[in-house]
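Undergrad: any chance you could fold what I've pasted below:
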Amino acid sequence: MDLQSKYDPGYRVIRLRGYSSTMLDSTTVELSGSLAGPTPRAATGVHAHPAWFGAVMGTGALALALAAQSAHWAPRAFGAAAFTVLLLASVYALVLAPRYLARLGSRRALAAEMADPARGPMLATFPAGILVLALAWGRAGGFGVPAAAASGVALALLVLGVLVALGYGVAWTAILLRTTVAVEQVNGGWLIPPVMTLLVPLGVQPVMQRFPGAAADLGVVAFAFLGIGGLLFLALFGLLMMRLALHAPLPAALAPSLAIPLAPAPVLGLATLRLLQGAASHGVTTFGGIGAGLALSAVGLGFAAWWLAVVTIELGRLHRLGGLSTHPGWWGFVFPTGALALTLDALGSAIDSSVLVWLGAIVTGVLALVWAVVALWTVRDVVRP
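TA: Numbering: from 1, shown residues only. Below you'll find the predicted structure:
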């Protein structure tokens with residue numbers, strides 16, 4: 001089967017050629033005109049990219065990583081830096097949120113975009129970004145505002161993020177089940193929804209401290225979301241591996257999505273560790289000790305190290321071919337790097353390993369560099385789309 005896909009940045013037209021009649025009723029499917037509806041003028045080109053909220057995710061992850069480093073050295077300097085980056089992430093969210101909310105104005109256009117195998121999964125950056133922002137306010141907000149205020153903002157964002165994540169997750173899954181998608185169209189962006197779901201348990205852990213009497217019940221809810229995200233990750237990553245192994249390489253425009261699978265496994269381990277630590281600190285012994293969290297964190301880091309080698313080789317190949325171009329999808333590199341830094345630091349601190357703590361500090365430095373490079377590319381692309 002010869003598949004050729006054209007993804008218009010404004011998503012006005014998506015053509016899939018080469019399907020057999022047993023897969024689709026025609027050899028060309030076109031989502032445009034009456035199905036997609038009119039494309040708003042402000043929502044075309046680079047400004048319509050569905051992964052814009054990846055900037056909030058990446059910037060929030062940098063704030064979290066800097067806050068984590070404040071526990072080891074220069075607390076005031078790292079704390080101030082973390083709060084400054086947190087404010088920047090919050091500004092990004094306020095500026096970018098209208099681009100996503102405007103999509104609700106046309107349900108048919110939104111459904112068409114969610115059905116797009118390239119764009120639909122990337123819309124999960126919106127609820128995921130809200131959840132990362134909630135985590136960042138809970139961890140770094142106290143460096144600049146009273147702890148009670150930061151905790152209140154974090155809780156409000158967590159509730160909002162969970163509601164939006166549930167709405168998006170159910171809608172995307174329902175649309176996916178009634179949409180014919182070829183395996184060739186699967187890409188790394190499909191791992192964003194699992195990451196979105198795995199962020200919920202991380203947000204629940206601080207809530208245990210605010211409501212210690214409900215720690216056991218909150219733990220059950222958190223582990224339920226952990227199960228959803230973990231099983232989705234396993235299923236969708238298997239699908240991605242099938243696509244990569246049995247078909248042609250991803251087109252260069254989707255190459256940055258290969259970095260996204262770096263995030264779910266470390267986040268899964270980190271969330272488990274934090275939940276078990278939170279439960280143990282409140283005397284909840286139902287879930288056992290933190291051993292499972294330590295083991296899953298190590299497993300997640302091992303997987304991420306292996307996948308990082310795979311991604312590096314593939315991106316090097318594309319770079320040599322001159323096929324890489326910049327777009328908002330490159331924010332997909334930032335959050336996974338932050339996930340690695342946070343998991344290394346959490347595991348190192350839990351087992352008192354100076355090696356892992358130092359590795360976490362080094363990866364945090366790499367995270368800051370990657371964030372700065374992608375931010376500069378973003379500014380350039382916005383000014384000269």
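Undergrad: which parts of the stretch 101-250 of the chain are helices?
TA: 107-115, 125-140, 147-177, 192-210, 215-246 (DSSP state H, counting those that start in this stretch).
Undergrad: any chance of TSV for those, columns mean pLDDT?
TA: Converted to TSV, these look like this (pLDDT from 0 to 100):
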stretch	mean pLDDT
helix 107-115	92
helix 125-140	96
helix 147-177	94
helix 192-210	91
helix 215-246	92
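Undergrad: low-confidence stretches in this protein?
TA: Across the chain, the ranges flagged by pLDDT under 70 are 1-47, 322-326, 383-385.
Undergrad: can you give me the strands in it?
TA: 4-7, 14-17, 28-30 (DSSP state E).
Undergrad: export stretch 105-122 as PDB, just CAs?
TA: Presented in PDB, the C-alpha positions along stretch 105-122 are these (Å, rounded to 0.1, in the frame of the first residue of the first chain):
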ATOM      1  CA  GLY A 105     -16.700  27.600  18.300                       C
ATOM      2  CA  SER A 106     -17.000  25.000  15.600                       C
ATOM      3  CA  ARG A 107     -17.600  21.500  16.900                       C
ATOM      4  CA  ARG A 108     -17.400  20.000  13.400                       C
ATOM      5  CA  ALA A 109     -14.000  21.600  12.800                       C
ATOM      6  CA  LEU A 110     -12.800  20.400  16.200                       C
ATOM      7  CA  ALA A 111     -14.000  16.900  15.500                       C
ATOM      8  CA  ALA A 112     -12.200  16.900  12.100                       C
ATOM      9  CA  GLU A 113      -9.000  18.100  13.800                       C
ATOM     10  CA  MET A 114      -9.200  15.500  16.500                       C
ATOM     11  CA  ALA A 115      -9.800  12.800  13.900                       C
ATOM     12  CA  ASP A 116      -6.600  13.900  12.200                       C
ATOM     13  CA  PRO A 117      -3.900  11.300  13.300                       C
ATOM     14  CA  ALA A 118      -1.200  13.900  13.200                       C
ATOM     15  CA  ARG A 119      -3.000  16.800  14.900                       C
ATOM     16  CA  GLY A 120      -5.600  15.200  17.100                       C
ATOM     17  CA  PRO A 121      -3.200  13.700  19.700                       C
ATOM     18  CA  MET A 122      -1.200  16.900  19.900                       C
END
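Undergrad: got the buried residues for it?
TA: Across stretch 105-122, burial judged by 16 or more other Cβ atoms under 10 Å covers 106, 109-122. For the C-beta atoms, the positions are set from N, CA and C on the backbone; glycine is no exception.
Undergrad: span of stretch 342-361 from start to end?
TA: 9 Å (Cα to Cα, to the nearest Å).
Undergrad: residues in contact with it: which ones?
TA: With contacts defined as Cβ atoms under 8 Å, 6 or more residues apart in numbering, stretch 342-361 is touched by 61, 64-65, 68-69, 71-72, 266-267, 269-270, 273-274, 277, 290, 293-294, 297-298, 300-301, 304, 341, 363-364.
Undergrad: inside helices: which ones of those residues?
TA: 61, 64-65, 68-69, 266-267, 269-270, 273-274, 277, 293-294, 297-298, 300-301, 304, 341, 363-364 (DSSP state H).
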